[in-house]
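Visitor: Need a 3D model of the following:
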Amino acid sequence: MWTVSEDSQHILCTRLVNLWSFLQSKPGLINAHLVDFYTEDTWDRLVPKELQDELLSLSDSDLASLPSSNKLEWKRSEATETEDSKQGGDKSTLSSRKESSESGPAIGNKKATESVCGDCEREKSCSPLENSRQEAQQFALSNSGICASLEDVWRTLGVESKEEDKPRFVKEHMNVKKSHEVEILSGVVARLCHVCQVDQVVDIGSGKGYLSECLYLQHGLTVLGVDASDSNTHGAKKRSQLLERQWTGLVNRTRTIASSKCNSASEPIREPLTKNSESETADKNSCSAENVCAAIEQEVGTESTTQKQTKCSRAKAWKMMSSKPGSFTPTTAYIHPDTDLAALVGFRNSDETPEGLKLLLTGLHTCGDLSPTILRLFVTCPQAAVLCSVGCCYNILTELEEPGAQEEKYGFPLSQVLQTRAVHLGRTVRMLSCQAVERMSAEGQLPAMSLFYRAVLQVIVRDKFGVIDKKKTVGKVAAKSKGFVDYVRRALRRLQLEDALLSDEEITSYFEQYQGKLRHLQAFIQLRACLAPCIEAFILLDRLCFLHEQPGVSHATLVPVFDPVISPRCYALVALKT
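Guide: Numbers count the residues shown, from 1 in each chain. Next up, the predicted model:
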């Protein structure tokens, strides 16, 4: 879904209403507090007996995979068929299931779904657990049919979806996750700027300037980085100076490559803007874009067709990035829906005419209410023409009915369809939406023991101290603890309770008593995590629907831009105004 229309609004409204009905049917599951898992008998109270038996029968890998994809179904089916075949069952069903699993996810793939459900019907019915998973997965964004791929976006904008050759320096300065995010999002933003003829980029919530620096140095864009924290702005300036020095070193290395007729496979690096006019003249004479391209073209004549195409692409990339040096200006400002971006950008870039500006608003993992603020600003700011924003931290969103949430400035809900229904999620539900289900599945890891420690601690507190102040928290004590006894003593001190009232033996006896129920907690956490993608979808579709409700917005969609295993909050809101 990309073009804004009455039909698109109707589809989004219907999807949101259906999703809200589904979430309302699971109040106990989505609002459960893991801290109270044992004290409130959550397992028997919220998990039906038929689901209990299935969950406890799963292997560790199957349980870890429960919230995502259809791996569990394939593994369970294979195990079931293997057992049936020992009793003379037909193995053909197993083959058909393997084929459907290899062809793609069962949910969201009509043929695969029909194949799987057909198998289930032949076995009389799907299992209760599988029914629950499929019911939840149909509401995930990946199966909604609403999101667009980057290829779809480029196609509608008349741009080839083929990847351009770009110099990649970011991996030398960031961790794997940040490098993955910055490299991909900067490429998307740069292409949007080129296609939509954007003058400047405003990176909101720019932090230490990772994305902004990449947009400037790698793509030659003019960027204003805005952050509310002076310390972040100061850090961005220091990092910018450091990168400029390192960037020059990388350019010098490229000059060496060019002078040796590109004997290395290294990719070209854009010439930096130099402040010394004499050195700038020398630079142009020794390693201009034309000289580099000539060196590349000279070598092309002796290479294969594939190598020729690669070298020519690199030559074009050099020319494109050398033609516009760009700039990066970090600044401190508090962004709100009424911020005058033209004045902010015009003040920082006096050579531009604010009235003629065409801006792209972006943000990489903007926390909490900052993402909705960017959307509101995009709608209200006349100069904002393009939006490309990735949000995160749904747990700290404000809602209309919560203390501290201001009228017209709360983070959720944004769309009229949800506002008229007085939708309220609550912090516990929003916390659930932050689960990294694809990463959990890929790593095959079960929930951390710290959650078990905390649930048993709650039993101890109830038995020995009675009701405690709910506002007091334990914090990340488990990471510093040597074991359960040490954890309990540290936690009780955090709660301002007397740990000397319990002996080590008594604390150990609690651990041993509940150790046999550890699997119950693990299974419940994974079952509950199946709903995490549904809640994230609900929040993001609300934002998309808000954009589709605005008369000035011509295109708006959700695009999966990151690998969800590396970066779980992987969806970007991309929008254009008329």
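
Visitor: The closest residue to Ala529 other than its chain neighbours: how many residues sit nearby?
Guide: What sits nearest to Ala529 in space, not counting adjacent residues and going by Cβ to Cβ, 6 or more residues apart in numbering, is Pro67, at 4.0 Å. C-beta: built from backbone N, CA, C; applies to glycine. Neighbour count for Pro67, taken as other Cβ atoms under 10 Å: 26.

Visitor: before we move on, what about Glu181?
Guide: 24.

Visitor: Show me what counts as buried in the host helix or strand of it.
Guide: Element membership for Glu181 (DSSP states H and E) is helix 176-196. Buried residues in helix 176-196, counted by 16 or more other Cβ atoms under 10 Å: 178-193.

Visitor: residues in contact with the next helix or strand after it?
Guide: Next along the chain after helix 176-196, taking DSSP H and E as the criterion, comes strand 200-204. Identification of contacts with strand 200-204 by Cβ atoms under 8 Å, 6 or more residues apart in numbering yields 189, 193, 209, 211-212, 215, 221-226, 335, 341, 344-345, 349, 352, 357-364, 366, 370, 374, 377, 384, 389.

Visitor: switch the cut-off to 7 Å
Guide: 189, 193, 211-212, 215, 221-226, 335, 341, 345, 357, 359-363, 366, 370, 374 (Cβ atoms under 7 Å, 6 or more residues apart in numbering).

Visitor: next one: stretch 2-21
Guide: 1, 139, 144, 146, 148, 152-153, 156, 415, 417-418, 421, 423, 534, 537-538, 541-542, 544-545, 548-549, 553-557.

Visitor: Just the buried ones out of those, please.
Guide: Using 16+ other Cβ under 10 Å as the burial test, these include 1, 139, 144, 146, 148, 153, 415, 417-418, 423, 534, 537-538, 541-542, 544-545, 548-549, 553, 555-557 as buried.

Visitor: Tell me which of those fall in strands.
Guide: With DSSP state E as the criterion, strands contain 553, 555-557 from among the buried ones among the contacts of stretch 2-21.

Visitor: and which of these is nearest Phe524?
Guide: Nearest to Phe524 among these is Thr557, at 35.2 Å by Cβ to Cβ.

Visitor: coming back round to it: please name the residues that touch the residue nearest to Ala529.
Guide: 437, 440-441, 526, 529-530, 532.

Visitor: what's the closest of the residues you listed to Lys480?
Guide: Using Cβ to Cβ, Met440 comes nearest to Lys480 of the contacts of Pro67, at 23.9 Å.

Visitor: Sticking with the closest one, tell me its helix or strand.
Guide: Here Met440 is covered by helix 437-443, with elements defined by DSSP H and E.

Visitor: Tell me which residues of that helix come out buried.
Guide: 437-442.

Visitor: Now distance to Arg45 and pLDDT too, for the residues you listed, in JSON lines please.
Guide: Formatted as JSON lines, the buried residues of helix 437-443 follow (distance: Cβ to Cβ, whole Å; pLDDT from 0 to 100):
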{"residue": "Val437", "distance to Arg45": "24", "pLDDT": "92"}
{"residue": "Glu438", "distance to Arg45": "29", "pLDDT": "92"}
{"residue": "Arg439", "distance to Arg45": "29", "pLDDT": "92"}
{"residue": "Met440", "distance to Arg45": "25", "pLDDT": "89"}
{"residue": "Ser441", "distance to Arg45": "27", "pLDDT": "89"}
{"residue": "Ala442", "distance to Arg45": "32", "pLDDT": "90"}
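
Visitor: Make a markdown table out of those and add distance to Asp60.
Guide: Output for the buried residues of helix 437-443, formatted as a markdown table (distance: Cβ to Cβ, whole Å):
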| residue | distance to Asp60 |
| --- | --- |
| Val437 | 16 |
| Glu438 | 18 |
| Arg439 | 16 |
| Met440 | 12 |
| Ser441 | 12 |
| Ala442 | 14 |
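
Visitor: Relative to Thr428, which of the residues you listed is nearest.
Guide: Nearest to Thr428 among these: Val437, at 17.2 Å, using Cβ to Cβ.

Visitor: ok, so of the buried residues of helix 176-196, who is nearest Thr473?
Guide: Using Cβ to Cβ, Lys178 is the member of those that lies nearest Thr473, at 28.5 Å.

Visitor: mind listing what the closest one touches?
Guide: Tyr210.

Visitor: tell me the pLDDT at it?
Guide: In this prediction, Lys178 carries a pLDDT score of 92.

Visitor: Repeat that for Arg348.
Guide: Note on Arg348: pLDDT of 51.

Visitor: next one: Glu443
Guide: The model's pLDDT for Glu443 equals 90.

Visitor: same question, Thr14
Guide: Predicted confidence (pLDDT) for Thr14: 96.

Visitor: same thing with Cys367?
Guide: If you check Cys367, the pLDDT there is 95.

Visitor: which one is it nearest to, not counting chain neighbours?
Guide: Cys393 (4.0 Å).

Visitor: Then Ser61?
Guide: Nearest to Ser61 is Gly444, by Cβ to Cβ, 6+ apart, at 5.3 Å.

Visitor: how many other residues sit next to the one you found?
Guide: Around Gly444 there are 12 residues (other Cβ under 10 Å).

Visitor: Can you pull the phi/psi pair for it?
Guide: With angles defined as degrees, to the nearest 10, Gly444 sits at phi 60, psi 30.

Visitor: again, but for Thr366
Guide: phi -80, psi 130.

Visitor: sorry, back to before: any idea how far Glu40 is from the residue nearest to Ser61?
Guide: Between Gly444 and Glu40 the computed distance is 29 Å (Cβ to Cβ, to the nearest Å).

Visitor: returning to that earlier point: what's in contact with the helix holding Met440?
Guide: With contact meaning Cβ under 7 Å, 6+ apart, helix 437-443 is reached by 64-65, 67-69, 71, 529, 532-533, 564-565, 568.

Visitor: What ranges does the stretch 1-150 of the chain have for its helices?
Guide: Taking DSSP state H, counting those that start in this stretch as the test, the helices found in the stretch 1-150 of the chain are 6-24, 27-31, 42-46, 49-57, 60-65, 71-86, 92-103, 110-122, 128-137, 150-156.

Visitor: Residues contacting the third one, please?
Guide: If I follow you right, that is helix 42-46. Here helix 42-46 has contacts from 28-29, 32, 36, 520, 524, using Cβ under 7 Å, 6+ apart.

Visitor: Low-confidence bits of the stretch 51-200 of the chain, can you list those?
Guide: For the stretch 51-200 of the chain, the stretches flagged by pLDDT under 70 are 69-125, 161-172.

Visitor: Stretch 414-432: end-to-end distance?
Guide: Using Cα to Cα, to the nearest Å, one end of stretch 414-432 lies 20 Å from the other.

Visitor: Kindly provide the whole-number mean pLDDT of that stretch.
Guide: Regarding stretch 414-432, the rounded mean pLDDT is 94.

Visitor: what about it, distance to the chain center?
Guide: 20 Å (Cα atoms, centre = their mean, to the nearest Å).
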